[in-house]
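In: what follows is a predicted protein model with its sequence.
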Amino acid sequence: MELRSTSATQTRAIGAAIASVADAGDVVVLTGDLGTGKTVLAQGIAAALGVDEPVVSPTFTLMREYDGRLPVRHLDVYRLDHVQEAIDLGLEELLDDGVVLVEWGEGVREVLPAERLEVALSLLPPDAADDDTRRIEIAAVGAGWAARRDALVAALDALAGVRPC
């Protein structure tokens, strides 16, 4: 599904809709160029999962952990040079009881679980929108996310101002 967000507030709301159907053990892969809103979307997911502290990009720390209704582990794997480094992070162990958000996850797809939600963010061409408008493409990968697709679509449909691309 493709959505258009015209503000950081709407991007966070899309994150909250994703969180409304998230379960322990879920992985959400966030992809897109620098400045497209990956961390903003992660903020919406975390806030909806009950995280009440500021959520910031884990660029230089690789991972930040937050307590909420479900633990949130926010990873940034951009700086990893080899897939082995992603394995060394212990991704499998992080899945036990929380939600894992992986920024720049396209580089480590081979070590990601088969069950995941992939969210690709991109800026629209300058002549198609203003600087705040993003295209957000969401793909359910695996049977678990596919089974929740209708609930996710309903949560996204309920958002004011967010519309399909």
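Out: In hand now; what should we look at? Numbering: from 1, shown residues only.
In: and the strands in this structure?
Out: 2-5, 27-31, 63-66, 72-76, 99-103, 116-123, 134-141, 163-164 (DSSP state E).
In: wait, which of those strands is closest to Arg109?
Out: For those, the distance to Arg109 is smallest for strand 27-31, at 7.8 Å, taking C-beta to C-beta. Heads up, the C-betas are built off the backbone N, CA and C, glycines and all.
In: show me the one of the strands of the chain that comes nearest Glu53.
Out: strand 63-66 (6.4 Å).
In: the closest one - which strands sit beside it in the sheet, and in what orientation?
Out: The strands beside strand 63-66 in its sheet (DSSP bridges) come out as strand 72-76 (antiparallel).
In: next, the angle strand 99-103 makes with the strand it pairs with.
Out: Strand 72-76 and strand 99-103 are oriented at 20 degrees to each other (axes from the mean of the first three to the mean of the last three C-alpha atoms, to 10 degrees).
In: give me the mean pLDDT for strand 72-76.
Out: Strand 72-76 shows an average pLDDT of 87 in the prediction.
In: beta partners for Tyr66?
Out: On the basis of DSSP bridges, Tyr66 is bridged to Val72.
In: who touches it in this structure?
Out: Ala46, Val51, Glu53, Val55, Val72, Arg73, His74 (C-beta atoms under 8 Å, 6 or more residues apart in numbering).
In: now those in a markdown table, with neighbour count and distance to Ala8?
Out: Converted to a markdown table, the contacts of Tyr66 look like this (neighbours: other C-beta atoms under 10 Å; distance: C-beta to C-beta, whole Å):
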| residue | neighbour count | distance to Ala8 |
| --- | --- | --- |
| Ala46 | 26 | 14 |
| Val51 | 22 | 17 |
| Glu53 | 11 | 18 |
| Val55 | 22 | 13 |
| Val72 | 25 | 19 |
| Arg73 | 22 | 22 |
| His74 | 28 | 17 |
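In: for those residues, which one is nearest Gly25?
Out: Arg73 (11.3 Å).
In: doesn't Ala114 make contact with Val141?
Out: Yes: with contact defined as C-beta atoms under 8 Å, Val141 reaches Ala114; the gap is 7.1 Å.
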